[in-house]
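Asks: Have a look at this fold, sequence not included:
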């Protein structure tokens, strides 16, 4: 749930206050990058999608009917911007990118396997995994951003982790590390 100062920022931004909108951009930038990353799997492209989502939000801000729903509204814009970038640039993370990322890490084989397991998840599950475990967001923060209940988050994360575990087992990941 958004606090009053945040709602005041949103209301001021809707009324044309660019400083308030800039403050909202600063508050939500890293979260929008995380959401975009869950779609595009490329950090630079995710940053581009986040910036694009803020531009789209600014243009459409007056269409926001409920200022208390700013975060979920912005998250939806960001997901759409990221999907558009994937379609335009046809740039999903590929095996070479995964291999490079794995070489850059100390535990490359495990990270490579885990990234592949995440990639096989549906977009909504991938988004939750990235927000919870890579961006270290609490259930309350995820609820605020995505507009879904903590119980729904818990259930979806549980199913996503089961799918990842099944994928990892099927692909030779040592069971002792699950």
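Replies: Thanks, I have it. In this text, all values refer to a predicted model and were calculated from it rather than measured experimentally.
Asks: correct me, but residue 116 touches residue 172?
Replies: No: between residue 116 and residue 172 no contact is recorded; they are 11.4 Å apart, counting by CB atoms under 8 Å. All C-beta atoms are positioned from the backbone trio N, CA, C, and that covers glycine.
Asks: okay, those two: which has more neighbours?
Replies: Counting neighbours by other CB atoms under 10 Å for residue 116 and for residue 172 shows that residue 116 has the greater number, 18 against 8.
Asks: element containing the more buried one?
Replies: Secondary structure assignment for residue 116, by DSSP states H and E: helix 108-119.
Asks: what packs against that helix?
Replies: Here helix 108-119 touches helix 95-103, helix 123-129, helix 150-170, going by 3 or more CB pairs under 8 Å, 6 or more residues apart in numbering; DSSP states H and E.
Asks: what's the second one packed up against?
Replies: For helix 123-129, the packing partners by 3+ CB pairs under 8 Å, 6+ apart come out as helix 18-40, helix 108-119, helix 139-146, helix 150-170.
Asks: Pipe those into JSON lines and attach mean pLDDT and distance to residue 77 per row.
Replies: Listed next are the helices and strands packed on helix 123-129 as JSON lines, based on pLDDT from 0 to 100; distance: least, CB to CB, whole Å:
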{"stretch": "helix 18-40", "mean pLDDT": "93", "distance to residue 77": "9"}
{"stretch": "helix 108-119", "mean pLDDT": "79", "distance to residue 77": "23"}
{"stretch": "helix 139-146", "mean pLDDT": "84", "distance to residue 77": "12"}
{"stretch": "helix 150-170", "mean pLDDT": "89", "distance to residue 77": "20"}
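Asks: Which one of these lies nearest to residue 83?
Replies: Closest of those to residue 83 is helix 18-40, at 5.9 Å (criterion: CB to CB).
Asks: buried ones in that closest one?
Replies: 20-21, 23-25, 28, 31-40 (16 or more other CB atoms under 10 Å).
Asks: Tell me the one of these nearest residue 49?
Replies: Using CB to CB, the shortest approach to residue 49 within the buried residues of helix 18-40 belongs to residue 36, at 3.6 Å.
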